[in-house]
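Student: Next one to model:
(one chain, ligands or ions: 1)
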Amino acid sequence: MSEAETAGAFLTALRAASPSLTLLTEPADTEAYRFDETEYMHPGQPLGVALPTTTDEVSTILRLASTHRMPVVPRGAGSGLSGGAIAIEGALTVVMTGMNRILEIDAANLVAVVQPGVVNADLGRAVAEEGLFYAPDPASFEWCTIGGNIAENSGGLRCLKYGVTRDWVLGLEVVLADGAVIRTGGKSIKDVAGYDLTALFVGSEGTLGIVTEATLRLIPAPAPKLTLLAFFPTVLAAGDAVVRLTSSGVVPVTLELMDNFTIRAVDDAHDLGLDREAGAMLMIESDAGGEVSVVELDSAETACTAAGASSIVRATDPTEADWLRQARRAAHGALERAGVARAWTTSAFREVGFPSCSRASSASPPSTGCASASSGTQATATCTLLSWSTGTTPPRRSESMLPEHRSMPRRSR
Ligand SMILES: Cc1cc2nc3c(=O)[nH]c(=O)nc-3n(C[C@H](O)[C@H](O)[C@H](O)COP(=O)(O)OP(=O)(O)OC[C@H]3O[C@@H](n4cnc5c(N)ncnc54)[C@H](O)[C@@H]3O)c2cc1C
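Tutor: As a prediction, the model looks like this:
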């Protein structure tokens, strides 16, 4: 049988076995599902796009794909940065956004049971209504899915204190390549006998099976965050502040570093009034609550001052804190505008021999200049890489994404 005949037989069998499954095969319909946010990889033309709404449909897809030896690409919202969701030539893309129900918020046991297509921010809002908290919050949280977060083991702005997605997944329902449906883990934290298959699936980038349900850990909601931005003449000085702060025993919920290029890119894109001459900026937040938060930020301020901060800004209310946070959340989009977030399209990265197109998502793109700054050394390495990749200044932009166009209050030291 030719490749085309095999593909045709597969689609015919799939339509017969699962008549209610939404299956797109026209290129005009499948186009929107070919790319993710990883521009350096060049997608193929998929055989089709399936949008299952039940575990049974996912199981049927994988069973028949296996029988017909057809490759399959699982996909969430397509916000990934490692190319895992881009279309492969002749493969079936399986889009999980239709399975987007929060099945249960079990406040007594501090768990949520969700389908993989639930958007991260929607889960956060739903559990907040119960006074609860789900910590992993990639900067794409308003559109990425829990399934994608699990497959990527995503972090986010809160991962320094609360860990990454793997630390919040207690159990999974997964459909394996042959269509078999398995369950791993469960609601109980002490469900630890045997191999830790849950941990194995988290971060496997869709290569081991398709997640169709997840049991996630929740905690009582922490206090609203207090936020501080500190600007430094150099990245090394910012790294010094990180070392001073972490060695003082304070574990802030957020400790994020941006270098000068990223500061300028964000300021160009959103006109936040950041210190454009600073070599680096640290965003530090505490959610310890009450006086403890104040003490933590006081310690942060002391560490930053001792490391030579040129200016420090502290939010005085939650609205101002949210506004300061935009400086970090806006970084990826701003770097894209500046033409560096998808940095593998630049000659610098091609010259060092990264593959131009491959399913091997372990070949992650280089850093874009934002990092959870857990040590001065790590922060320095990350930002040096960004400077090396670009070496140009982005054009000035005046557009603002903030509800109110405001200028940052400067509190020079
Ligand atoms: C602006 C922006 C900011 C970001 N910020 C962060 C950040 O702060 N921290 C961070 O860690 N990441 C960040 N990311 C990348 C992050 O990994 C993704 O945004 C997110 O986790 C992917 O979710 P998604 O639903 O878009 O998945 P997709 O991009 O669609 O897919 C990602 C991977 O998951 C697999 N997959 C999807 N659903 C399933 C499923 N149900 N079962 C099995 N495999 C599946 C896919 O095959 C693919 O390999 C950012 C991305 C962007 C664009």
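Student: Low-confidence regions, the stretch 51-200 of the chain specifically.
Tutor: Within the stretch 51-200 of the chain, no range satisfies pLDDT under 70.
Student: what does it put close to the ligand?
Tutor: Contacts of the stretch 51-200 of the chain with the ligand, taken as CB under 6 Å from any ligand atom, map to 73-81, 84-85, 96, 116, 138-140, 144-145, 147-149, 151-152, 154-156. C-beta coordinates here come from the backbone N, C-alpha and C atoms, glycine included.
Student: Cross-reference those with the strands and report the matches.
Tutor: The members of these that map onto strands under DSSP state E are 73-75.
Student: pLDDT at the nearest residue to residue 269 once chain neighbours are set aside, what is it?
Tutor: In this structure, residue 269 finds its nearest non-sequential neighbour in residue 334, 4.0 Å apart by CB to CB, 6 or more residues apart in numbering. Note on residue 334: pLDDT of 80.
Student: With residue 354 instead?
Tutor: Taking residue 354 on its own, its pLDDT is 25.
Student: how many other residues sit next to the residue lying closest to residue 139 once chain neighbours are set aside?
Tutor: Nearest non-adjacent residue to residue 139, counting by CB to CB, 6+ apart: residue 329, 5.2 Å away. Number of residues near residue 329 (other CB atoms under 10 Å) recorded here: 22.
Student: Specify the residue ranges that define each domain of the protein.
Tutor: Split into domains by automatic domain parsing, the chain comes to 3-95, 102-220, 226-353+364-389.
Student: My read is that the residue nearest to residue 269 contacts residue 265, right?
Tutor: Yes: the pair residue 334 and residue 265 passes the contact test of CB atoms under 8 Å, sitting 4.1 Å apart.
Student: Between the two, tell me which one has more neighbours.
Tutor: residue 265 (32 against 27).
Student: Filter the residues of the stretch 51-200 of the chain next to the ligand down to the ones in helices?
Tutor: 147-149, 151-152 (DSSP state H).
Student: Please tell me which one of these counts the most neighbours.
Tutor: Result: residue 149 is most packed of these (other CB under 10 Å), 34 neighbours.
Student: Counting residues, which helix of this structure comes out longest?
Tutor: Assignment by DSSP H; longest helix in the chain turns out to be helix 290-306.
Student: name the helices or strands packed onto it?
Tutor: Contact partners of helix 290-306 among helices and strands, from 3 or more CB pairs under 8 Å, 6 or more residues apart in numbering; DSSP states H and E: strand 226-232, helix 235-247, strand 280-286, strand 311-314.
Student: Helix or strand: which one has the residue in the stretch 201-350 of the chain positioned nearest to the ligand?
Tutor: Using CB to the nearest ligand atom, the closest approach of the stretch 201-350 of the chain to the ligand is made by residue 206 at 2.7 Å. In this structure, residue 206 sits in neither a helix nor a strand according to DSSP states H and E.
Student: can you pull the contacts of the residue nearest the centre of the chain?
Tutor: Geometric centre of the chain, nearest residue: residue 138, 3.5 Å, by CA atoms, centre = their mean. Contacts of residue 138 were listed using CB atoms under 8 Å, 6 or more residues apart in numbering, and they are 79, 120, 144, 149, 154-156.
Student: looking at the helices and strands packed on helix 290-306, which is closest to residue 200?
Tutor: Nearest to residue 200, of all those, is helix 235-247, at 30.3 Å by CB to CB.
Student: Can you name the element that comes right after the closest one?
Tutor: Following helix 235-247 toward the C-terminus (DSSP H and E): strand 254-259.
Student: Keeping just the C-alphas, turn that following strand into PDB.
Tutor: The C-alpha trace of strand 254-259 is given here as PDB (Å, rounded to 0.1, in the frame of the first residue of the first chain):
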ATOM      1  CA  THR A 254       9.000  35.700  42.500                       C
ATOM      2  CA  LEU A 255      12.700  36.500  41.800                       C
ATOM      3  CA  GLU A 256      13.000  37.300  38.100                       C
ATOM      4  CA  LEU A 257      15.800  39.000  36.200                       C
ATOM      5  CA  MET A 258      15.700  41.000  33.000                       C
ATOM      6  CA  ASP A 259      18.800  42.300  31.200                       C
END
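Student: model confidence over it, on average?
Tutor: So the average pLDDT for strand 254-259 ends up being 92.
Student: Report the strands that pair with it, each with its relative direction.
Tutor: strand 280-286 (antiparallel), strand 370-372 (antiparallel) (DSSP bridges).
Student: Now render those strands as a markdown table, adding mean neighbour count.
Tutor: Converted to a markdown table, the strands paired with strand 254-259 look like this (neighbours: other CB atoms under 10 Å):
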| stretch | mean neighbour count |
| --- | --- |
| strand 280-286 | 27 |
| strand 370-372 | 21 |
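Student: any chance of the ones you listed in JSON lines, plus distance to the ligand and mean pLDDT?
Tutor: Listed next are the strands paired with strand 254-259 as JSON lines, based on distance: least, CB to the nearest ligand atom, whole Å; pLDDT from 0 to 100:
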{"stretch": "strand 280-286", "distance to the ligand": "13", "mean pLDDT": "95"}
{"stretch": "strand 370-372", "distance to the ligand": "8", "mean pLDDT": "39"}
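Student: Could you dump those into CSV with distance to residue 174 added?
Tutor: Listed next are the strands paired with strand 254-259 as CSV, based on distance: least, CB to CB, whole Å:
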stretch, distance to residue 174
strand 280-286, 34
strand 370-372, 28
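Student: and residue 328, helix, strand or coil?
Tutor: helix (DSSP: H, G, I helix; E, B strand; the rest coil).
Student: quick one: it from residue 319, how far?
Tutor: Distance from residue 328 to residue 319, counting by CB to CB, to the nearest Å: 16 Å.
Student: who's in contact with residue 106?
Tutor: Residues counted as contacts of residue 106 (CB under 8 Å, 6+ apart) are 112-113, 187.
Student: Closest one of those residues to residue 272?
Tutor: When the contacts of residue 106 are compared against residue 272 (criterion: CB to CB), the nearest one is residue 112, at 33.8 Å.
Student: okay, now the closest one: neighbour count?
Tutor: Neighbours of residue 112 under the rule other CB under 10 Å: 26.
Student: beta partners of it?
Tutor: Where residue 112 sits in a bridge, its partners, by DSSP bridges, are residue 105, residue 216.
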